[in-house]
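Enquirer: mind looking at a prediction? Sequence and model below.
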Amino acid sequence: MSNLEGQPAEVDLPVDTEAGPCAELLEGRDVPLGRYTVVRRSLPNKSRRTVGAWCFLDHFGPEDVTGGPGMRVPPHPHIGLQTVSWLLSGEVRHRDSLGSDQVIRPGQLNIMTSGRGIAHSENSPTAKPPILHGLQLWVALPSPDRDRAPAFSHISDLPEISDKSVKITVAVGELEGAASPAEVHSELLGADIELGAGAGAGIRVRQDFEHAVVVTGGRARVEGVEVTPGSLLYLGAHRDHLRLEADGEARLFLLGGVPFEEELVMWWNFVGRSHEEIVEARADWMKGSDRFGTVPGGEDPLPAPGLPTTRLMPRPRHRKA
């Protein structure tokens, strides 16, 4: 998925302490995605840049797309990241410059590694289900892997954990002994959790991970804090379990990872380490360089926005006191 903001800006961060246990509720912001879709962006946030290596989180829908085209994101480039696509309802067709052509459905995972450069498009199929609802996430690639060859993987069979009125699908990483086959390049966790009405669950988590939760349906209490769609609850690190509760049915997505200490330059669809790297990637995209290749389908590619007038600066995951 592309960041379609006309003037994408760097994210400035307030003073923060080291990530011990906490409960920091972060409000998302509405961002238009093309002409037809509005997403709720929780990462990067004005008070939090990353959770582990997770550096971008859009929650879209639920949206009735019966009377419109649904998702329409034309070919656009990426560097330095992995895209992770997760649907709760609907279908989205992914096409990329490697020749991949894959429709993703609920319970399946699309994970694309941009490495040095890739381009892709994401569109609702012509014959589509009526409701579109899902998450699009990015993972910052660590320095040893950020210039690797691009790759794409579709995983239709993910491990599940069920206990009474709780169902957990492990999309990325490992949780409660269940491990996803998705290949990632840092220690990460991404898990979809469904809670039945009146359900409660204690989930064991890694103490060296920092964690956050986004609710995608209903409302849930996480460590006693009520969370509803549109916000992200950052939980810090040094926890060995999380307590989840719901009065009615609820659904949420749990993020986790070892704190990502590399300073990042995030601008438009690029995750880099320097101003010069971003400028070079933008120029390569605009001149049609072989670096990004061509996405099949004949759609006009998305032009890059203009660069800001000030120099892009690397930023840490939080500003140290």
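Expert: Sure thing, it's come through. Residues are numbered from 1 along each chain as shown.
Enquirer: against residue 212, how distant is the residue nearest the centre of the chain?
Expert: In the chain, the C-alpha nearest the mean C-alpha coordinate belongs to residue 137, at 1.0 Å (C-alpha atoms, centre = their mean). According to C-beta to C-beta, to the nearest Å, residue 137 and residue 212 sit 11 Å apart. The way it works is simple: take the backbone N, C-alpha and C, and place the C-beta from them, glycine included.
Enquirer: go on, residue 76?
Expert: To residue 212, residue 76 is 26 Å away according to C-beta to C-beta.
Enquirer: quick one: which of these two has more around it?
Expert: Just comparing residue 76 and residue 212: by other C-beta atoms under 10 Å the higher neighbour count belongs to residue 212, 26 against 22.
Enquirer: helix/strand/coil for that one?
Expert: strand (DSSP: H, G, I helix; E, B strand; the rest coil).
Enquirer: residues contacting residue 255?
Expert: Counting by C-beta atoms under 8 Å, 6 or more residues apart in numbering, residue 255 touches 51, 52, 54, 57, 137, 189, 190, 211, 212, 213, 214.
Enquirer: now swap in residue 122 and tell me
Expert: 1, 71, 73, 85, 92, 93, 94.
Enquirer: between those, which is closest to residue 40?
Expert: For the contacts of residue 122, the residue nearest residue 40 by C-beta to C-beta is residue 1; the value is 12.9 Å.
Enquirer: and the helices in the stretch 1-150 of the chain?
Expert: Counting by DSSP state H, counting those that start in this stretch, the stretch 1-150 of the chain has no helices to list.
Enquirer: wait, I meant the stretch 151-300 of the chain
Expert: 275-286.
Enquirer: related to what we said a few turns ago, residues shared between the contacts of residue 137 and residue 212?
Expert: 54, 255.
Enquirer: show me where pLDDT drops low in the protein?
Expert: 1-19, 34, 319-321 (pLDDT under 70).
Enquirer: same thing but at 80, please
Expert: 1-19, 33-37, 318-321 (pLDDT under 80).
Enquirer: correct me if wrong: residue 104 contacts residue 94.
Expert: Yes - between residue 104 and residue 94 there is a contact at 6.3 Å, judged by C-beta atoms under 8 Å.
Enquirer: overlap in contacts, those two.
Expert: Common neighbours of residue 104 and residue 94 (C-beta under 8 Å, 6+ apart) are 85, 110.
Enquirer: how close does the nearest residue to residue 171 once chain neighbours are set aside get to residue 172?
Expert: Nearest non-adjacent residue to residue 171, counting by C-beta to C-beta, 6 or more residues apart in numbering: residue 190, 4.5 Å away. Distance, residue 190 to residue 172, using C-beta to C-beta: 4 Å.
Enquirer: do residue 164 as well
Expert: Taken as C-beta to C-beta, the span from residue 164 to residue 172 is 25 Å.
Enquirer: can you report how many residues neighbour residue 198?
Expert: 11.
Enquirer: how about the contacts made by the residue nearest to it when sequence neighbours are not counted?
Expert: Excluding the flanking residues, the one nearest residue 198 by C-beta to C-beta, 6+ apart is residue 247, at 6.5 Å. For residue 247, the contacting residues are 197, 198, 219, by C-beta under 8 Å, 6+ apart.
Enquirer: what is the burial count for the last one?
Expert: Around residue 219 sit 15 other residues, with neighbours defined as other C-beta under 10 Å.
Enquirer: same question, the one 3 residues further on
Expert: Other residues within reach of residue 222 by the criterion other C-beta under 10 Å amount to 24.
Enquirer: and it, how far from residue 161?
Expert: 18 Å.
Enquirer: kindly report the same for residue 187.
Expert: As for residue 187, its distance to residue 161 is 20 Å (criterion: C-beta to C-beta).
Enquirer: what's the answer for residue 189, then?
Expert: 13 Å.
Enquirer: kindly report the same for residue 31.
Expert: 33 Å.
Enquirer: with distance to residue 38 as added columns, please give the contacts of residue 247 in JSON lines.
Expert: Output for the contacts of residue 247, formatted as JSON lines (distance: C-beta to C-beta, whole Å):
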{"residue": "197", "distance to residue 38": "29"}
{"residue": "198", "distance to residue 38": "32"}
{"residue": "219", "distance to residue 38": "21"}
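Enquirer: out of these, who's nearest residue 27?
Expert: residue 219 (15.0 Å).
Enquirer: which residue sits closest to the closest one, ignoring its sequence neighbours?
Expert: In space, and not counting its chain neighbours, residue 219 is closest to residue 228: 4.7 Å by C-beta to C-beta, 6+ apart.
Enquirer: from what I see, that neighbour and residue 221 are in contact.
Expert: No - at 10.6 Å, residue 228 and residue 221 do not qualify as touching, with contact defined as C-beta under 8 Å.
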